[in-house]
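1. sequence isn't available, so here's the structure alone:
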């Protein structure tokens with residue numbers, strides 16, 4: 001399976017306030033709780049418990065980001081990257097990732113590294129990407145370690161070193177497992193990818209399916225999409241195009257365009 005980069009997936013780990021209902025989040029946000037604003041924005045972003053509304057998500061992420069809540073800046077960057085609720089603008093997405101990274105958010109550094117690696121909103125610079133992945137990994141972000149390991153494995157922007165790559169994949173596995181166990185859906189998704197590809201762990205499609213399922217159940221669009229891929233191909237699960245369409249459809253409903261595209265291909 002093609003590796004999914006963190007920024008595309010909403011690729012961004014926001015832990016929902018499980019014991020707060022919608023009204024409480026709204027009240028707390030209006031009272032200046034920026035984390036509540038970000039969590040509320042995530043509900044509108046995903047269409048969870050409310051009608052999906054990217055414009056409303058954008059407004060709430062913007063408020064929280066302006067208020068100094070860095071995870072909201074990352075999510076706001078994703079909307080600019082995807083052009084959801086706002087005109088697509090890679091440069092602003094990069095600026096928001098830079099703000100998060102400068103503020104000490106490791107996930108922001110990983111996402112900024114991706115933008116430098118692929119020249120999205122910034123001039124392509126593999127060396128800069130490596131530096132950012134290293135900073136992110138050092139800060140405990142599993143995607144940063146994963147992408148740094150990938151760079152070492154394939155010699156992208158750095159001298160190829162399979163031993164170093166293996167060490168980084170192992171670290172990514174440990175970090176993502178802890179995150180997943182703590183309820184962070186991005187951790188489950190990353191760990192699923194590692195099991196799918198056999199990086200840092202023995203390849204295990206069934207384990208990958210379980211982890212993608214957990215991520216999808218938590219409204220992670222990439223988790224749903226990858227689960228659809230497994231069902232379409234019969235990897236770790238019984239091949240079933242009807243179920244594959246169901247998960248592609250959920251990914252599509254969550255705003256992932258390639259999920260919509262895959263539904264048409266199966267037809």
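-> Here it is on my side, so go on. Treat the numbers as computed from the prediction; the structure is a model and nothing was measured.
2. ok, longest helix in this structure?
-> What stands out as the longest helix in the chain, according to DSSP state H, is helix 162-181.
3. after that one, next one along is what?
-> For helix 162-181, the following helix or strand on the C-terminal side (DSSP states H and E) is helix 185-197.
4. tell me what angle that following helix forms with helix 162-181.
-> 140 degrees (axes from the mean of the first three to the mean of the last three Cα atoms, to 10 degrees).
5. now do helix 185-197: distance to the chain's middle.
-> 11 Å (Cα atoms, centre = their mean, to the nearest Å).
6. check stretch 216-232 too.
-> Relative to its chain's centre, stretch 216-232 lies at 13 Å (Cα atoms, centre = their mean).
7. same question, stretch 227-240
-> Its chain's C-alpha centre and that of stretch 227-240 lie 22 Å apart, by Cα atoms, centre = their mean.
8. same question for that stretch, mean pLDDT?
-> For stretch 227-240, the mean per-residue pLDDT is 96.
9. about what we covered before: can you give the contact residues for the longest helix of the chain?
-> Residues outside helix 162-181 that contact it (Cβ atoms under 8 Å, 6 or more residues apart in numbering): 13, 137, 140-143, 145-146, 148-150, 152-153, 186-188, 190-191, 194, 199-201, 211, 214. Using the backbone N, CA and C atoms, a C-beta is placed for each residue, glycine as well.
10. if we use 6 Å, what do you get?
-> Helix 162-181 is contacted from outside by 142, 145-146, 148-149, 152-153, 187-188, 190-191, 194, 199-201, using Cβ atoms under 6 Å, 6 or more residues apart in numbering.
11. which pair in those residues has the greatest spatial separation?
-> Farthest-apart pair in the contacts of helix 162-181 is 152 and 188; separation 24.4 Å (Cβ to Cβ).
12. which one's more surrounded, those two?
-> A side-by-side neighbour count of residue 152 and residue 188, using other Cβ atoms under 10 Å, places residue 188 first with 27 against 24.
13. pretty sure that one is touching residue 211, no?
-> Yes. With contacts counted by Cβ atoms under 6 Å, residue 188 reaches residue 211, the gap being 4.8 Å.
14. sorry, back to before: for the longest helix of the chain, list every residue counted as buried.
-> By neighbour count on 16 or more other Cβ atoms under 10 Å, the buried set for helix 162-181 is 164-165, 168-173, 175-177, 179-180.
15. and the residues you listed, which is closest to residue 58?
-> Nearest to residue 58, judged by Cβ to Cβ, of the buried residues of helix 162-181 is residue 179 at 26.2 Å.
16. tell me the pLDDT at the most far-flung residue of the chain relative to its centre?
-> What lies farthest from the middle of the chain is residue 31; by Cα atoms, centre = their mean that is 28.9 Å. The score at residue 31 is 96. That number is its pLDDT.
17. phi and psi next, for it.
-> Phi and psi for residue 31, reported as degrees, to the nearest 10, are phi -90, psi 10.
18. returning to that earlier point: narrow the contacts of helix 162-181 to those that are buried.
-> Neighbour-count burial (16+ other Cβ under 10 Å) applied to these gives 142, 145-146, 148-149, 152-153, 187-188, 190-191, 194, 199-201.
19. just the helices in the stretch 1-150 of the chain please.
-> Assigned by DSSP state H, counting those that start in this stretch, the helices in the stretch 1-150 of the chain fall at 22-30, 34-46, 54-66, 70-82, 90-102, 106-118, 126-138, 142-154.
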